[in-house]
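Student: Mind folding the following:
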Amino acid sequence: MNNIFVYCEIEDGVVSEVSLELLTKGRTLANKLGCKLEAVVAGSKLDGIEKQVMPFGVDVLHVFDAPGLYPYTSLPHTSVMVNLFKEEKPQICLMGATVIGRDLGPRVSSALTSGLTADCTALEIGDHEDKKEGKTYQNLLYQIRPAFGGNIVATIVNPEHRPQMATVREGVMKKEIVSPDYKGEVKRHDVKKYVPDTDYIVKVIERHVEKSKVNIKGAPIVVAGGYGVGSKENFQMLFELADVLKAEVGASRAAVDAGFCEHERQIGQTGVTVRPKLYIACGISGQIQHIAGMQESSMIISINNDPAAPINAIADYVINGTVEEVVPKLIKYYKQNSK
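Tutor: The predicted structure follows:
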């Protein structure tokens with residue numbers, strides 16, 4: 001009752017990164033609220049799955065193990081979550097903003113009439129005063145995300161309905177183990193009590209999963225280009241700089257939309273979130289959606305010919321100049337001095 005639940009996604013017996021990041025955030029929120037953190041896993045052949053989940057501070061793990069629950073299909077997983085939540089009555093539920101989370105989250109929130117905030121960039125606990133009703137609500141989940149095309153950052157609260165539901169993209173939260181020996185309770189449920197046979201009407205005959213060829217998320221150095229780079233040809237300079245620095249190349253949405261770079265390199269609210277040791281922003285103005293995807297970088301260098309560009313406000317170092325001027329010099333002097 002009144003605990004925090006995290007839905008854990010599983011692929012080939014491994015809990016996804018975004019789920020582990022949400023367990024870390026869930027643990028922080030649970031400590032603040034003085035409640036338990038509970039996790040839900042649904043799939044097949046889940047023996048020993050608790051070893052992956054418990055170290056993140058999970059107090060109770062709900063396991064639903066049946067052949068029809070993997071690979072993911074909408075109806076059985078929805079029944080698992082909805083019927084479990086009717087029993088357990090959680091106050092908060094977190095899911096990854098993935099293909100699965102975007103399908104499952106709305107179904108569960110709609111069935112429980114609880115509402116859901118998608119693609120949150122931050123989650124906090126706080127109070128809310130409804131001046132019209134003259135009520136003050138305590139310890140609500142602040143679901144924070146950019147809105148109206150990123151022109152404002154909205155804080156969304158759900159005072160009356162439970163659970164308060166939010167989805168979060170991979171990489172937005174930081175993953176941290178609480179203790180490798182953290183001891184929690186494992187509850188293995190009888191799936192038949194939660195999922196009717198009619199839910200298994202959809203069968204997955206074949207699956208094709210292609211791994212991404214680009215690993216921006218794990219790169220220690222990211223060289224990112226924006227619309228200010230000017231052209232696809234100029235973007236090649238960023239690849240040269242990245243090659244010299246042993247870095248990955250990223251891009252803002254404006255650069256991707258202009259055709260300078262492929263979508264899988266897009267960083268920001270509608271791309272990936274990165275936390276490199278060094279982030280070099282070339283010709284990026286710094287819209288709020290882009291900043292949401294890279295503001296946690298340890299060091300930010302901005303190369304921009306506009307001294308008033310918003311990205312300069314969060315940069316550690318600003319180089320005023322065009323990408324065509326600055327980047328070839330960076331390549332030249334780095335090669336000279338790194339022998």
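Student: Every contact and neighbour count from this point should use C-alpha atoms.
Tutor: OK.
Student: so after whichever strand or helix holds Thr24, what's the next helix or strand?
Tutor: Per DSSP states H and E, Thr24 falls inside helix 17-33. Stepping forward along the backbone from helix 17-33, the first helix or strand reached (DSSP H and E) is strand 37-43.
Student: and that following strand, average pLDDT?
Tutor: Mean pLDDT, strand 37-43: 95.
Student: List the contacts of whatever helix or strand comes next after that strand.
Tutor: Downstream of strand 37-43, the first helix or strand assigned by DSSP H and E is helix 50-53. Applying Cα atoms under 8 Å, 6 or more residues apart in numbering, the external contacts of helix 50-53 come out as 14-15, 20, 61, 186.
Student: Does anything pack onto whichever helix or strand comes after helix 50-53? Which helices or strands?
Tutor: Scanning forward in sequence from helix 50-53 by DSSP H and E, the next helix or strand is strand 60-65. Applying 3 or more Cα pairs under 8 Å, 6 or more residues apart in numbering; DSSP states H and E, we find strand 60-65 packed against strand 37-43, strand 185-188.
Student: where in the chain is pLDDT low?
Tutor: 149-150, 339 (pLDDT under 70).
Student: So which residues of it form helices?
Tutor: 17-33, 50-53, 74-88, 99-111, 232-245, 253-257, 288-291, 323-337 (DSSP state H).
Student: in the second one, what counts as buried?
Tutor: Put plainly, it is helix 50-53. 50, 53 (16 or more other Cα atoms under 10 Å).
Student: can you check the last one too?
Tutor: Of the residues in helix 323-337, 323, 327, 331 count as buried by neighbour count, 16+ other Cα under 10 Å.
Student: Please enumerate residues in contact with it?
Tutor: 228-229, 234, 237-238, 240-241, 244, 282-283, 303-304.
Student: Just the buried subset of those residues, please.
Tutor: 228-229, 234, 237-238, 240-241, 282-283, 303-304.
Student: As a markdown table, those with distance to Ile10 would be great.
Tutor: Below are those laid out as a markdown table (distance: Cα to Cα, whole Å):
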| residue | distance to Ile10 |
| --- | --- |
| Gly228 | 40 |
| Val229 | 39 |
| Asn234 | 40 |
| Met237 | 39 |
| Leu238 | 36 |
| Glu240 | 37 |
| Leu241 | 37 |
| Cys282 | 37 |
| Gly283 | 39 |
| Ile303 | 40 |
| Asn304 | 42 |
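Student: out of those, who's nearest Leu37?
Tutor: Nearest to Leu37 among the buried ones among the contacts of helix 323-337: Cys282, at 41.5 Å, using Cα to Cα.
Student: quick revisit: by neighbour count, which of the contacts of helix 50-53 wins?
Tutor: Leu20 (26 neighbours; other Cα atoms under 10 Å).
Student: what's near enough to touch that one?
Tutor: Applying Cα under 8 Å, 6+ apart, the residues near Leu20 are 8, 53, 56, 175.
Student: repeat that with 10 Å
Tutor: 6-9, 26, 52-53, 55-56, 96, 170, 173-177 (Cα atoms under 10 Å, 6 or more residues apart in numbering).
Student: Ok, Ala254 next?
Tutor: Counting by Cα under 10 Å, 6+ apart, Ala254 touches 225-228, 260-261, 266, 284-285, 287, 290.
Student: What is the longest strand of this protein by residue count?
Tutor: Criterion DSSP state E: the longest strand present in the chain is strand 135-147.
Student: List the pairing partners of that one within its sheet, with orientation.
Tutor: strand 122-130 (antiparallel), strand 152-156 (antiparallel) (DSSP bridges).
Student: how far off helix 17-33 does it point, in degrees?
Tutor: Relative orientation of strand 135-147 versus helix 17-33 (axes from the mean of the first three to the mean of the last three Cα atoms, to 10 degrees): 150 degrees.
Student: what sits up against strand 135-147?
Tutor: Taking Cα under 10 Å, 6+ apart as the rule, strand 135-147 contacts 29, 32-33, 91-92, 116-130, 152-160, 164-168, 269, 288-289, 292.
Student: buried residues in that strand?
Tutor: Result for strand 135-147 [16+ other Cα under 10 Å]: buried residues 140-146.
Student: For the residue positioned nearest the centre of the chain, give me its contacts.
Tutor: Nearest to the geometric centre of the chain sits Arg169, at 2.1 Å (Cα atoms, centre = their mean). Arg169 sits next to 18-19, 21-22, 95-98, 101, 118-121, 269-273, 293 when contact means Cα under 10 Å, 6+ apart.
Student: What of Cys35?
Tutor: 1-4, 27, 29, 59, 91.
Student: For it, give its distance to Gln91.
Tutor: 10 Å (Cα to Cα, to the nearest Å).
Student: cool, Ala281 as well?
Tutor: For Ala281, the distance to Gln91 - Cα to Cα - is 40 Å.
Student: These two - which one has more neighbours?
Tutor: With neighbours defined as other Cα under 10 Å, Ala281 and Gln91 compare such that Ala281 has more, 27 against 19.
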